[in-house]
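Visitor: Structure, please.
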Amino acid sequence: MRIGIDLDNTVACYQDAFHAAAVEREFFRPEEVAFDKTSVRDHLRRLGRDADFTELQGYVYGPGMRHVTLYPGLREALAALGAAGHELFLISHRTRRPFAGPPHDLHAHAREFLDSQGLIGPVRGRFAASNVFFELTKTEKVARIGKLGCHVFVDDLWEILTMEGFPATVRKVLFDPDGHRADAGPGVEVVRDWSSIANRLLACG
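Guide: Numbers count the residues shown, from 1 in each chain. Below is the predicted model of the structure:
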């Protein structure tokens, strides 16, 4: 199979990255705010620092990706899928530059992150460099999924998997590690971890 996979919040885990980046930039002391992104955002908003949070987002998705981790079980899942002969594609949508702050090249930083994590390479279980795509819009992302002939697509965004134009023949897998969507509607499989994703896809050959 050709298996398409999203990047942000599907491969790349930002659970602690916003807190680490905000502390690095001295927005607050580590003990003042919980580690999750929502707590960081709400804290800055209460202080009237919405602009700081907007700039922080551009930083985290740029050079701040050094604070980002991979989801547990991701490496093992990709290795198992690659060993079974499946071809892996990474298809993400993100702007080229942040909406505020320094004009980091967000596509280049995403590639650097994938490379630093050992996820790009000409071996099974990794993404070939030519199989990594960054699209500027959701519409372009969905079009790329169809153009590549993916049989499966894994994404954390329900709206991508159900948006108009999403290829009807593609198997839709919603990655939902926090259990926000017990029922994603007809035709969308909800899976909470990468081990389960691998097991499901390997079971169907």
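Visitor: would you say residue 91 is within a strand?
Guide: Yes - according to DSSP: H, G, I helix; E, B strand; the rest coil, residue 91 belongs to a strand.
Visitor: Could you check how far it is from residue 53?
Guide: 27 Å (Cβ to Cβ, to the nearest Å). Backbone N, C-alpha and C define where each C-beta goes, glycine included.
Visitor: who has more neighbours, those two?
Guide: residue 91 (25 against 20; other Cβ atoms under 10 Å).
Visitor: quick one: pLDDT of the more buried one?
Guide: The model reports residue 91 with a pLDDT of 98.
Visitor: again with residue 204
Guide: In this model, residue 204 carries a pLDDT of 75.
Visitor: Now do the helices in this protein.
Guide: 17-24, 37-46, 50-60, 74-83, 106-116, 138-147, 158-162, 194-203 (DSSP state H).
Visitor: Quick check: which of those is nearest to residue 180?
Guide: helix 158-162 (9.0 Å; Cβ to Cβ).
Visitor: what about the closest one, distance to the chain center?
Guide: 14 Å (Cα atoms, centre = their mean, to the nearest Å).
Visitor: Counting by contacts, list what that helix packs against.
Guide: helix 138-147, strand 152-155, strand 171-175, strand 188-191 (3 or more Cβ pairs under 8 Å, 6 or more residues apart in numbering; DSSP states H and E).
Visitor: quick one: buried residues of that helix?
Guide: By 16 or more other Cβ atoms under 10 Å, the buried positions in helix 158-162 come out as 158, 160, 161.
Visitor: With respect to residue 177, which of those is nearest?
Guide: residue 158 (13.7 Å).
Visitor: Lovely, talk soon.
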